[in-house]
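Chemist: okay, predicted coordinates and the sequence, questions at the end:
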Amino acid sequence: MDVQQSTALEPEYTGLTFEKVWAMFRETDRKIQETGKQIKETDKQLKEQFKETDRLMRQNQKMMSDLGRKFGTIIEHMFIPNLKEKFNALGYVFEKSSPNVLIGNQEHNIYTEIDVFLENGSCALAVEVKTQVGISDVREHIERMEKLRRYFDLHNDKRNLYGAVASAIFPGNVRDFALKQGFYVIEQSGDNVSIKKPEGSPRAW
């Protein structure tokens, strides 16, 4: 007995012709290409948005950096005037006051900057000025004083070196830490600038 295989089409395929199938393939391909274009366009828009976001972030960072520098300059000018006279009232006789003093020795790799440097023939005092000081800033000033001591020794300068930390905002724990390190503390007190001496004698480097 011969077995015959049924070739009847399922109901949903009834009436299909080659042309109809080909048209379906072309329509599907068109939709795929259109979707691909949309994806590319979306990707392009996202990249442009990311670039614009990055540009705005860089611009904001620059503005904040510039503002920080300007504000830092304002803070320095708050503390510098009459600073020499204020320390002289504490028993010093500083003859010279210099802002933004750069110290450098390439051979011994010594580089640092002092916001305010007070000096005379027997001693000098380096002041670090901050908008809001933290314990890490006090530690950095200790390192700065050590560099300054090395620099002075290389130049056979035997003067005693003292340090001070000035800030518009001085948290209590940071103030106590700075005083324990032997630094003078300079802070805004109402309309005036006050100087607090460390307990005992100030540390000499």
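Modeler: The structure has been received and is ready for your questions.
Chemist: and the helices in this structure?
Modeler: In order along the chain, the chain carries the following helices (DSSP state H): 18-79, 83-88, 135-154, 172-180.
Chemist: any idea which of those helices has the lowest pLDDT on average?
Modeler: Ranked by mean pLDDT, the helices of the chain bottom out at helix 18-79, with a mean of 66.
Chemist: please parse this structure into its domains.
Modeler: In the domain annotation for the chain, the residue ranges read 16-78, 80-196 (automatic domain parsing).
Chemist: tell me which of these sits most buried.
Modeler: domain 80-196 (a mean of 16; mean count of other Cβ atoms under 10 Å). In short, each C-beta sits where N, CA and C put it, glycine included.
Chemist: now stretch 193-205: how far from the chain's centre is it?
Modeler: From the chain centre to the centre of stretch 193-205 is a distance of 29 Å (Cα atoms, centre = their mean, to the nearest Å).
Chemist: first to last residue in that stretch, what's the distance?
Modeler: With Cα to Cα, to the nearest Å as the measure, the first residue of stretch 193-205 is 25 Å from its last.
Chemist: using JSON lines, please lay out the domains of the chain together with distance to P202.
Modeler: Shown next, in JSON lines, are the domains of the chain (distance: least, Cβ to Cβ, whole Å):
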{"stretch": "domain 16-78", "distance to P202": "22"}
{"stretch": "domain 80-196", "distance to P202": "5"}
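Chemist: how about K158, phi and psi?
Modeler: Here is the backbone geometry of K158 (degrees, to the nearest 10): phi -100, psi 10.
Chemist: for it, which non-adjacent residue is spatially closest?
Modeler: Distance criterion Cβ to Cβ, 6 or more residues apart in numbering; nearest residue to K158, sequence neighbours excluded, is F152 at 7.6 Å.
Chemist: with Q188 instead?
Modeler: A168 (5.3 Å).
Chemist: can you check I142 too?
Modeler: Per Cβ to Cβ, 6+ apart, closest to I142 is Q181, 6.1 Å.
Chemist: what's near enough to touch L83?
Modeler: With contacts defined as Cβ atoms under 8 Å, 6 or more residues apart in numbering, L83 is in contact with S97, V116, L118, V127, I186, V193.
Chemist: same check, this time on L118
Modeler: By Cβ under 8 Å, 6+ apart, the contact set of L118 is L83, K84, F87, Y92, F94, K96, S97, A124, L125, V127.
Chemist: just Y151 next, same as before
Modeler: Contacts of Y151 (Cβ under 8 Å, 6+ apart): I103, N105, I110.
Chemist: do the same with V185
Modeler: For V185, the contacting residues are A164, V165, A166, F170, R175, A178, L179, I195, K196, P198, by Cβ under 8 Å, 6+ apart.
Chemist: same thing with L154?
Modeler: Each residue near L154 by Cβ under 8 Å, 6+ apart is listed here: N105, H108, I110.
Chemist: look up how far R149 lies from the residue nearest to I169 when sequence neighbours are not counted.
Modeler: Of all residues not flanking I169 in the chain, Q132 sits nearest, at 4.0 Å (Cβ to Cβ, 6+ apart). Going from Q132 to R149 by Cβ to Cβ, to the nearest Å gives 27 Å.
Chemist: cool, and D43?
Modeler: 59 Å.
Chemist: what of F117?
Modeler: F117 is 14 Å from R149, by Cβ to Cβ.
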